[in-house]
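**Q** Coordinates only, no sequence provided:
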Ligand code: MG
């Protein structure tokens, strides 16, 4: 198949600044691309890199787009190098979009109906505010329909966090699932203490709700220790920062990881190869956003629906971070 290729960079400001362990993030930059095949079917794609999480930089993605001819082929798309995982995702998902198999309009789709808020049949995970604020603010998320919550740990002194945790598990309704995300911020001793605490509460029948998993307890470089922890405790561990790309995911699988993998489709790389890997190895996955627009979100939710197992909630509860998405994205697409 041959495609006419067009692209345009975008910038969008977060409704409120996003605090990560790499500092504050105010503006999301990415690239919207459009592929028109020989039958004039249009497919949209989005490249939304997060270089500090392990993908290419926006500049590298732009350079790649700029050096491409106006007409490209499947051959070019399916041989994008692994160093450009967000590009692999953007181009391949544009092809899939255009193929019509997702049931979204493509031919002469002037109304850009993909911009209607898309939702998933999978449950969503809601992010609680850090620290004690979680105790008062979970109810708002509950009213919005969230039943799985994520709470950040490794932010404050562990003794204090364990105290809040104790209150939190007795405050949240018993039907909730709680994820504890350390973002690699615990020491080995602290990770042991968290896992031991969760195991111990459960063994004593003192855990009123389900602790779904502890996410990325240790820094990226400490895989062996995380593997050892995952074998020593009942409480599950999910790798997140450690597995930004499909290459890393496959490597840790080979090294014995049978815990949970957090997958960010926007930067993980080729969707077709991800599908193949997930089907082959039946890995336990949690799908998560990279603060993409509705275009990449649609592609990511397709993958999540296909590949999620164990009905795990997905981390796409981010609509409130952006304002007026429809208007600017629609006009950008109309101009492209
Ligand atoms: Mg995480």
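**A** Looks like it arrived, so ask away. No experiment lies behind these values; they were computed from the predicted model shown. Numbers count the residues shown, from 1 in each chain.
**Q** How about residue 191, nearest residue that isn't a chain neighbour?
**A** Among residues not flanking residue 191 along the chain, residue 217 sits closest, at 3.9 Å (CB to CB, 6 or more residues apart in numbering). In this view, the C-beta of every residue, glycine as well, is placed from N, C-alpha and C.
**Q** Now do the same contact list for that neighbour.
**A** 154, 182, 184, 186, 190-191, 194-195, 226, 229, 237 (CB atoms under 8 Å, 6 or more residues apart in numbering).
**Q** let's see 6 Å
**A** 182, 186, 191 (CB atoms under 6 Å, 6 or more residues apart in numbering).
**Q** what pLDDT does the second one get?
**A** Read it as residue 186. Model confidence at residue 186, given as pLDDT, is 96.
**Q** Would you mind confirming that it is in contact with residue 154?
**A** Yes: with contact defined as CB atoms under 6 Å, residue 186 reaches residue 154; the gap is 4.8 Å.
**Q** ok, the closest residue to residue 292 other than its chain neighbours - contacts?
**A** Excluding its sequence neighbours, the residue lying closest to residue 292 (CB to CB, 6+ apart) is residue 48, at 4.2 Å. If you count contacts by CB under 6 Å, 6+ apart, residue 48 has them with 30, 266, 290, 292, 296.
**Q** measure the closest residue in space to residue 246 that isn't next to it in sequence to residue 214 for me?
**A** Nearest non-adjacent residue to residue 246, counting by CB to CB, 6+ apart: residue 269, 4.2 Å away. Distance, residue 269 to residue 214, using CB to CB, to the nearest Å: 26 Å.
**Q** Could you do residue 42 as well?
**A** For residue 42 relative to residue 214 (CB to CB), the value is 43 Å.
**Q** picking up where we left off before, quick check, the residue nearest to residue 246 in contact with residue 87.
**A** No: taking contacts as CB under 6 Å, residue 269 lies outside contact range of residue 87: 9.2 Å.
**Q** Name the residues that touch stretch 77-94?
**A** With CB under 6 Å, 6+ apart as the test, stretch 77-94 has contacts from 33, 35, 43-47, 49, 55-56, 61, 64, 245, 247, 266-267, 269-271, 299.
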